[in-house]
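Chemist: what shape does this take:
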Amino acid sequence: MTGIAGRLARHFNDFARHLRERWVLYLPVFAIWGFAYLRLFVDPTPRVPLLFNWTPSLPYCVALVRYGPHDLRRGDFVVYAFDGEARTAYPGLNGQPFFKIVRGLPGDVVTVSGRTVAVNGQSVGIAKTHTFDRRPLDPIAPVVIPPGHYYVQGTSTDSFDSRYRASGLVRAEQVLGTVLPLF
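Modeler: Just a heads-up that it's a prediction; the model follows:
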């Protein structure tokens with residue numbers, strides 16, 4: 001083989017030899033990439049009891065997940081599978097695990113004044129006007145939280161949570177488990 005095809009074949013053979021000689025170094029990298037792609041495109045549900053939070057939505061980076069149904073209380077940390085209106089605009093969010101704090105329980109009253117959202121008269125945050133990609137965001141509509149639903153929120157002003165109509169309240173069946181923040 002000569003020309004471009006010959007050079008490409010030699011480069012590929014050199015690269016393959018390099019991989020064979022250093023396979024111990026490459027195996028963990030390819031395994032992590034493989035698991036990340038599986039999680040992203042096949043099943044985003046976390047399957048291990050350790051949760052890593054890469055977002056500024058909460059100040060915790062590592063947490064322990066206790067899967068299964070729990071009686072939730074105000075202040076509990078939860079991980080849930082996203083199922084809000086925004087999944088049509090952002091299909092990658094569908095089923096993605098979100099890590100938030102329960103701020104409102106069934107029977108609580110959510111009110112909105114301008115863009116300030118309150119639960120039972122206590123201000124819990126201000127809804128932003130648009131997303132990072134400049135799409136408009138509407139605050140949640142005033143509501144009495146129905147049975148089997150929760151108002152959840154992160155601590156960051158940029159957290160995508162129940163403050164927004166596109167995210168909305170979280171149904172009990174979306175909650176994957178409670179979370180114990182480690183650090």
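
Chemist: quick one: the helices in the chain, in order.
Modeler: 3-21, 23-41 (DSSP state H).

Chemist: burial of I101, as a residue count?
Modeler: Applying other Cβ atoms under 10 Å, we find 21 residues neighbouring I101. Every residue, glycine included, has its C-beta placed from N, CA and C.

Chemist: list the contacts of it.
Modeler: 58, 75-78, 152-155 (Cβ atoms under 8 Å, 6 or more residues apart in numbering).

Chemist: neighbour-wise, which of those residues leads?
Modeler: Neighbour counts for the contacts of I101 (other Cβ under 10 Å) peak at V152, which has 27 neighbours.

Chemist: re the thing from before, dump the helices of the chain to TSV, plus mean pLDDT, distance to R47 and mean neighbour count.
Modeler: Shown next, in TSV, are these (pLDDT from 0 to 100; distance: least, Cβ to Cβ, whole Å; neighbours: other Cβ atoms under 10 Å):
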stretch	mean pLDDT	distance to R47	mean neighbour count
helix 3-21	90	29	10
helix 23-41	81	9	10
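
Chemist: so for P136, which of those helices sits nearest?
Modeler: P136 sits nearest to helix 23-41 of all these, at 26.9 Å, using Cβ to Cβ.

Chemist: relative to helix 3-21, how tilted is the closest one?
Modeler: Interaxial angle, helix 23-41 versus helix 3-21 (axes from the mean of the first three to the mean of the last three Cα atoms, to 10 degrees): 100 degrees.

Chemist: circling back: adding distance to A141, write the helices of the chain out as TSV.
Modeler: Listed next are these as TSV, based on distance: least, Cβ to Cβ, whole Å:
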stretch	distance to A141
helix 3-21	56
helix 23-41	32
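
Chemist: hang on, the earlier thing: show me the contacts of I101 that map onto strands.
Modeler: Judged by DSSP state E, the contacts of I101 include 77-78, 152-153 as members of strands.

Chemist: between those, which is closest to L50?
Modeler: L50 lies nearest to F77 out of these, by Cβ to Cβ, at 14.0 Å.
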